[in-house]
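Undergrad: below is the sequence, then the predicted model.
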Amino acid sequence: MNFLDYYELSQEPFSNAPVSRFYYSSGQHAQALMRLMHAVSQMKGLAVLVGDIGAGKTTLARRLLDNLPEADYEAALLVIVHSGITAQWLLRRIALQLGVDNPAEEKLALLSQLYQRLVRIYESGKKAVVLIDEAQMLDTREIMEEFRGLLNLEVPERKLLSFVFFGLPEIEENLKLDLPLAQRVALRYRLEPLTEEATEAYIRHRLRLAGAPRVPFTPAAIAAVHRSSQGTPRLINTLCDNALFEGFVARASELDEKLIERVALTLGLAPGNGVSAGASASGSAPRDGAERIDLDEIDRYLESLSK
Ligand SMILES: Nc1ncnc2c1ncn2[C@@H]1O[C@H](COP(=O)(O)OP(=O)(O)OP(=O)(O)O)[C@@H](O)[C@H]1O
Ligand SMILES: [Mg+2]
């Protein structure tokens, strides 16, 4: 017997894998999605969604992508996997994602290809949208200026391309590297942590989808999960996942507050230690601009993802 059998679950309810089936439309997520949909459907140019580590930004980016009908949008999701990428690399990725065949090496030629492709998308009645995840890693003036240039590509009635940036709040600082770009942000939304009620609803939702016939967590345990996670979805998952396993080991049919607190302690999530507290400063990806970056390697990595 394993913990799934013990709690009568058909699959893991709190996996941190981005499984769209487990999507929970919290008030926050629903509001954010609605606004982002509005921004892209109106081709507003640039929209920015920020949130602390593990708040659900990537989940939302994928959800937005899934919500854009292929008949109406030429949409792509680009994940920035390293800070220090060049504007040239970025342009090529965007061109490739939007369907430019054989993007040119030379910048002007590449821009011309991109422009022609965008006009074709426009003429086919579609909207071109590029979602960029981990956008806080775009941190040079050169790159910000490039975005401004792309946002200036227009036909008389409207823009040809819109962007949505997803990332940590420091995106705002990077945008200021090019003030005219910062001024072009048409929508900003900050994904806040889940409230205690939303945390409970999230836990129940995931358990239900995993086939649980009942909720093994006591109300006090759920309150403790909220305290230790501060409402951050990734931490809620980790806490609940560990609690289910520890509960199984102890053959506890009910998971109580004490168990959650013990699990939180072993995970280093005791309230106040800074790990759970929206710790964007301590937990953000290392920035190492000085390190040499193999852009081809990033290309290969991205290609392997899209396979
Ligand atoms: N709305 C949601 N519904 C269901 N699960 C969610 C939701 N939001 C977040 N999660 C869960 O939390 C985990 C972390 O979310 P996600 O990866 O989207 O956060 P993030 O803000 O992109 O984190 P990071 O700052 O590390 O990039 C996801 O793997 C998912 O399991
Ligand atoms: Mg993410």
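TA: Structure's in. What do you need? Ligands and ions are numbered 1, 2, ... in the order given.

Undergrad: contacting residues around the spatially closest residue to Ala87 that is not a sequence neighbour?
TA: Counting by Cβ to Cβ, 6 or more residues apart in numbering, Ala87 lies nearest to Glu146, which is 4.3 Å off, once chain neighbours are set aside. Heads up, the C-betas are built off the backbone N, CA and C, glycines and all. Taking Cβ atoms under 8 Å, 6 or more residues apart in numbering, we find Glu146 in contact with 87, 90-91.

Undergrad: quick check: Glu146 is in a helix.
TA: Yes - secondary structure assignment (DSSP: H, G, I helix; E, B strand; the rest coil) places Glu146 inside a helix.

Undergrad: the stretch 151-300 of the chain: helices as residue ranges?
TA: 171-175, 179-183, 196-209, 219-229, 233-249, 257-266, 280-283, 295-306 (DSSP state H, counting those that start in this stretch).

Undergrad: among those helices, which is nearest Lys126?
TA: Between Lys126 and these, the shortest separation by Cβ to Cβ is 19.9 Å, and it involves helix 295-306.

Undergrad: for the residue in the stretch 51-200 of the chain that ligand 1 sits nearest to, give me the pLDDT.
TA: When distances are taken as Cβ to the nearest ligand atom, the stretch 51-200 of the chain reaches nearest to ligand 1 at Gly56, 2.8 Å away. With respect to pLDDT, Gly56 has a value of 95.

Undergrad: next: Val79.
TA: 95.

Undergrad: from Arg93, how far off is it?
TA: Distance, Val79 to Arg93, by Cβ to Cβ, to the nearest Å: 10 Å.

Undergrad: okay, now the unreliable bits of the protein?
TA: Low-confidence segments of the chain, defined by pLDDT under 70: 271-307.

Undergrad: that one against ligand 2: which residues are in contact?
TA: Counting by Cβ under 5 Å from the ion, the positions of the chain adjacent to ligand 2 are 57-58.

Undergrad: any idea which residue is closest to the centre of the chain?
TA: The C-alpha lying nearest the average C-alpha coordinate of the chain belongs to Thr58 (Cα atoms, centre = their mean; 1.6 Å).

Undergrad: assign that residue to helix, strand or coil.
TA: Each residue gets one of three states, and Thr58 gets helix by three-state DSSP.

Undergrad: give me the nearest residue to it, chain neighbours excluded.
TA: Here the nearest residue to Thr58 in space, its sequence neighbours aside, is Asp133; by Cβ to Cβ, 6+ apart that works out to 5.5 Å.

Undergrad: just Glu196 next, same as before
TA: Of all residues not flanking Glu196 in the chain, His226 sits nearest, at 4.6 Å (Cβ to Cβ, 6+ apart).

Undergrad: number of residues surrounding the one you found?
TA: By other Cβ atoms under 10 Å, the residues close to His226 number 24.

Undergrad: now do Leu118
TA: Taking other Cβ under 10 Å as the criterion, the count of residues near Leu118 is 22.
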